[in-house]
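Colleague: Provided below for reference: sequence and predicted model.
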Amino acid sequence: MIVELLFKLIVGLVGLFLNLIPTINFDISLPDTTYFRQILGAINWVFPVETLVQALVIWFLFQNSQFGLKIFNFLWKKIPFLG
């Protein structure tokens with residue numbers, strides 16, 4: 001019963017703080033993208049865009065893994081009696 005009271009108190013305080021945040025309505029009007037879609041379709045006919053995106057993701061992951069490995073090796077060498 002005490003735990004339930006504390007739980008309701010915490011949930012009530014969180015709800016109170018969340019209700020203090022004002023409501024903002026975003027009205028984002030995007031321009032017409034029909035021409036861009038046509039150009040992208042033409043490019044996709046010559047060179048598949050999915051393949052380009054996959055290649056960029058693989059390159060990005062490879063670069064980040066190299067950087068992470070360098071940081072790991074640096075920290076490993078700083079540990080006494082191991083590096």
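Modeller: Arrived safely, thanks for sending. Numbering: from 1, shown residues only.
Colleague: what's the spacing between residue 39 and residue 59?
Modeller: 24 Å (Cβ to Cβ, to the nearest Å). (C-beta placed from N, C-alpha, C; glycine too.)
Colleague: roughly how far is stretch 68-83 from the heart of the chain?
Modeller: Distance, stretch centre to chain centre, for stretch 68-83: 28 Å (Cα atoms, centre = their mean, to the nearest Å).
Colleague: buried ones in that stretch?
Modeller: Within stretch 68-83, not a single residue qualifies as buried, counting by 16 or more other Cβ atoms under 10 Å.
Colleague: What is the neighbour count of residue 26?
Modeller: Each residue near residue 26 was counted by other Cβ atoms under 10 Å, and the total is 4.
Colleague: ditto for the one 5 residues further on
Modeller: Neighbour count of residue 31, defined by other Cβ under 10 Å: 7.
Colleague: Residue 44 now?
Modeller: Look at residue 44: counted by other Cβ under 10 Å, it has 13 neighbours.
Colleague: Same question for the one 3 residues further on.
Modeller: Residue 47 has 8 neighbouring residues, counting by other Cβ under 10 Å.
Colleague: Three-state assignment for residue 32, please.
Modeller: Here residue 32 is recorded as coil under DSSP: H, G, I helix; E, B strand; the rest coil.
Colleague: what's it sitting at in phi/psi?
Modeller: In terms of degrees, to the nearest 10, the main-chain angles of residue 32 are phi -70, psi 130.
Colleague: swap in residue 80?
Modeller: Note on residue 80: its backbone torsions stand at phi -60, psi 150 [degrees, to the nearest 10].
Colleague: ok, which stretches of this structure are helices?
Modeller: 2-19, 34-46, 49-78 (DSSP state H).
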